[in-house]
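> Turn this into a structure:
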Amino acid sequence: MSASATVATLIENARIVDPASGTDHQGAVLIEGGVIAEIAIGKPIGVPDHVEVINAHGLVLAPGLIDMRVFTGEPGKEYRETLQSAGEAAAAGGITSFVMMPDTTPVVDDGALVDFLIRRAKATSKVNVLPAGAITKGLNGTEMTEFGLLRESGAVCLTDGRHAIQSSAMLRTVMSYAANYDMTIVHHLSDAALTGDGVMNEGLFATILGLRGIPREAETIPLARDLQLAALTGVKYHAAQISCAASVELMAAAKKRNPSVTAGVSINNLALNENDIGRYRSFFKLSTPLRSEDDRQAVIEGLRNGTIDTIHSDHDPQDTEVKRQPFAEASDGAIGLETLLAAALRLVHSGDVDLLTVLRAMTSRPAEILNLTSGRIAVGAPADLMLFDLDYPWQVSEKQIRSRSRNTSFENARLAGKVMRTIVGGKTVFQHSD
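Numbers count the residues shown, from 1 in each chain. Model (predicted):
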């Protein structure tokens, strides 16, 4: 299929997996005018001769992924990542929409910049770019932005990206205003004083490596505060990414009392642990840091039982100069758009989490949290879809990375599960070729 729109497209002989409805069956999907026009279970759809037919040959047809935490370089640091290169990487990973963090130069803290980014993305990106508006001006944590103007311009949520608001009084204020505008607050969890100059998870391994540790309490203390303030203000609150057992326990308890709180987890904290740092491998220097294997198992259980709602890539492109440094001096962050699905499928192949649950955390749940119409296979829904081979073996190669940066935490990893086709608005934006 060409990148240009066709009158209609039929995807037949597919294993249709739709987490929103909990269905998993063989069938066909008809796309017309950029939306899903018809779904047939087990039998072919009668279509006119001019319709383009794609034979899925039993591949999984699922909603395109919605990545809730993506950093880009544009504007300001285009040498790290542009909206175009991020879109190409996302399309190759089956991601049809991603939430762009406001940590750019300038910061996305006014409506005019949100509007510019939406128009820029439509002109250059293969996938849907959903700008998030900054909670505070310049991400300084002290002066609130104009939430109403950000919302009117198209911001899908409010966040200070990789920055955490330290003042409880300030956070209460912004939560109260966000509740009035019915906007979700997505907050990074980091107590600055407890994090200090720590560079990895606090514990025996950090001691062995001679590196300063970051205690779990640097995450759990602000999480406990945030959850209480969310209950107080009635805001829709999303813990950007949790990484340890104690955080899962806090979220589970809070959800019993307040259905408006949700939580995400980075694919890095689901698929990796602190031991992967090995001999000071700086590509594994992340924020939130990789935790212990016990913590990793706890967040997997949190995903399985519904305590954790979403999985994201935490895509954070960094150039060689700031990443290939001594571990303690290297910048935080790893790219992850192209490996998100395959890394998440590790949990399916290992038997830890079923396929519907893993896909739900990257499709229908993000859509529900952000009030999007995508993330599902239903008549009338946007035709944002992916076809993938659940068992296709491949190895992550730096030469094949489409992102402008190469700082992947899955460098040379052997993975199973590959996107074969990505469709956005009824148009194929990526097709795998050997």
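> For the stretch 151-300 of the chain, which segments are assigned as helices?
Assigned by DSSP state H, counting those that start in this stretch, the helices in the stretch 151-300 of the chain fall at 168-180, 192-195, 204-209, 217-233, 245-257, 267-271, 293-304.
> Buried deepest among these, which one?
helix 267-271 (a mean of 25; mean count of other Cβ atoms under 10 Å). No exception for glycine: its C-beta is placed from N, CA and C like everyone else's.
> quick one: what helix or strand has Glu369 in it?
Quick fix: residue 369 is Ile, not Glu. Here Ile369 sits within helix 364-370, counting by DSSP states H and E.
> sorry, back to before: now the helices of the stretch 151-300 of the chain as JSON lines including mean pLDDT and distance to Gly64?
Formatted as JSON lines, the helices of the stretch 151-300 of the chain follow (pLDDT from 0 to 100; distance: least, Cβ to Cβ, whole Å):
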{"stretch": "helix 168-180", "mean pLDDT": "98", "distance to Gly64": "27"}
{"stretch": "helix 192-195", "mean pLDDT": "98", "distance to Gly64": "35"}
{"stretch": "helix 204-209", "mean pLDDT": "96", "distance to Gly64": "37"}
{"stretch": "helix 217-233", "mean pLDDT": "98", "distance to Gly64": "29"}
{"stretch": "helix 245-257", "mean pLDDT": "98", "distance to Gly64": "27"}
{"stretch": "helix 267-271", "mean pLDDT": "98", "distance to Gly64": "16"}
{"stretch": "helix 293-304", "mean pLDDT": "98", "distance to Gly64": "20"}
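> and of these, who's closest to Pro19?
Nearest to Pro19 among those is helix 293-304 (12.8 Å), distances taken as Cβ to Cβ.
> What lies in contact with that closest one?
With contact meaning Cβ atoms under 8 Å, 6 or more residues apart in numbering, helix 293-304 is reached by 201, 216, 242-245, 248, 251-252, 263, 265, 269-270, 272-273, 275, 308, 311, 347, 352-353, 357-358, 361.
> so how many other residues sit close to Asp316?
26 (other Cβ atoms under 10 Å).
> so can I have CSV of the helices of the stretch 151-300 of the chain showing distance to Gln431?
Shown next, in CSV, are those (distance: least, Cβ to Cβ, whole Å):
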stretch, distance to Gln431
helix 168-180, 40
helix 192-195, 43
helix 204-209, 42
helix 217-233, 40
helix 245-257, 39
helix 267-271, 24
helix 293-304, 30
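> Okay, now stretch 321-332: how far is its last residue from its first?
13 Å (Cα to Cα, to the nearest Å).
> how far is that stretch from where the chain is centred?
24 Å (Cα atoms, centre = their mean, to the nearest Å).
> Mind checking the pLDDT average for it?
Stretch 321-332 shows a mean pLDDT of 93 in the predicted model.
> which residues sit against that stretch?
162, 199-200, 209, 211-212, 277, 280-283, 285-287, 316, 318, 333, 405, 407.
> Any buried residues in the next helix or strand after the helix holding Ile369, and which?
Next helix or strand after helix 364-370 toward the C-terminus (DSSP H and E): strand 385-395. Within strand 385-395, the residues scored as buried using 16 or more other Cβ atoms under 10 Å are Leu385, Met386, Leu387, Phe388, Asp389, Leu390, Tyr392.
> Hmm, Ile66 and the second one touching each other?
Right, Met386. No. Contact criterion Cβ atoms under 8 Å: Met386 and Ile66 do not qualify, at 11.3 Å.
> who touches both of those two?
Joint contacts of Met386 and Ile66 (Cβ under 8 Å, 6+ apart) are Thr96.
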